[in-house]
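Participant: This is a predicted model, with the sequence first.
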Amino acid sequence: MPDTSARPDRPDRPAAGTRAVGPLRVPPRVTPLTRAFWTGGERRALLLARCQACRSWLHPAPQVCRVCLSRDVVTEQASGRGTVASFTVNHQQWNPAGQVEPYVVAMVELVEQPALRLITNIVGCPVTDVRIGMPVRVVFEPLEDVWLPLFEPERPA
Ligand SMILES: [Zn+2]
């Protein structure tokens, strides 16, 4: 078979001389409702909305509790621990700056509450190691004036 590993028309293979890059990061638009979520990472805190009437965790943050319709919704710190509920591995080159390095886009369910989920990346391990049900914990990646909540495998202390 001919060697096609360096062909620029094969987006699944880095062409010779190109640079591997991670996910294309576009900073989120921060609003009063989302500011705590996007900036808590500066203090290593995963901050989520929580209803004070029924104690439900709520993400994305609403103005009114989706469970009991209370307007008494405030920000509280979650543990930052969860499990991978679902995931996919991206190979598409969204970033024009270089050849994409495969990365994991995952739905993580937090330990605080069933169905309390967020979309994130799994980092800190090979993409082939990620499994549904894998315990993970939050880590934060700074991007301009926000901190992105990403997750890595939970390792024994
Ligand atoms: Zn409520």
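Facilitator: Received, thanks.
Participant: mind checking pLDDT for the most centrally placed residue in the chain?
Facilitator: With distances taken as Cα atoms, centre = their mean, the residue of the chain nearest its centroid is residue 120 (1.6 Å). As predicted, residue 120 sits at a pLDDT of 97.
Participant: Hmm, residue 110 and it touching each other?
Facilitator: No. Taking contacts as Cβ atoms under 8 Å, residue 120 lies outside contact range of residue 110: 10.6 Å. Bear in mind the C-beta positions are built from the backbone N, C-alpha and C, glycine included.
Participant: Identify the residues contacting residue 106.
Facilitator: Residues counted as contacts of residue 106 (Cβ atoms under 8 Å, 6 or more residues apart in numbering) are 84, 85, 86, 87, 88, 119, 120, 121, 122, 130, 151.
Participant: err, residue 123, not the other one
Facilitator: With Cβ under 8 Å, 6+ apart, residue 123 has these contacts: 103, 104, 139, 141, 150, 151, 152.
Participant: switch to 10 Å and redo it
Facilitator: By Cβ atoms under 10 Å, 6 or more residues apart in numbering, the contact set of residue 123 is 22-23, 103-104, 106, 136, 139, 141, 148, 150-153.
Participant: Please apply the same query to residue 71.
Facilitator: 51, 52, 53, 62, 63, 64, 65 are the contacts of residue 71 under Cβ under 10 Å, 6+ apart.
Participant: Same question for residue 77.
Facilitator: Residue 77 is in contact with 36, 40, 43, 44, 45, 46, 47, 48, 50, counting by Cβ under 10 Å, 6+ apart.
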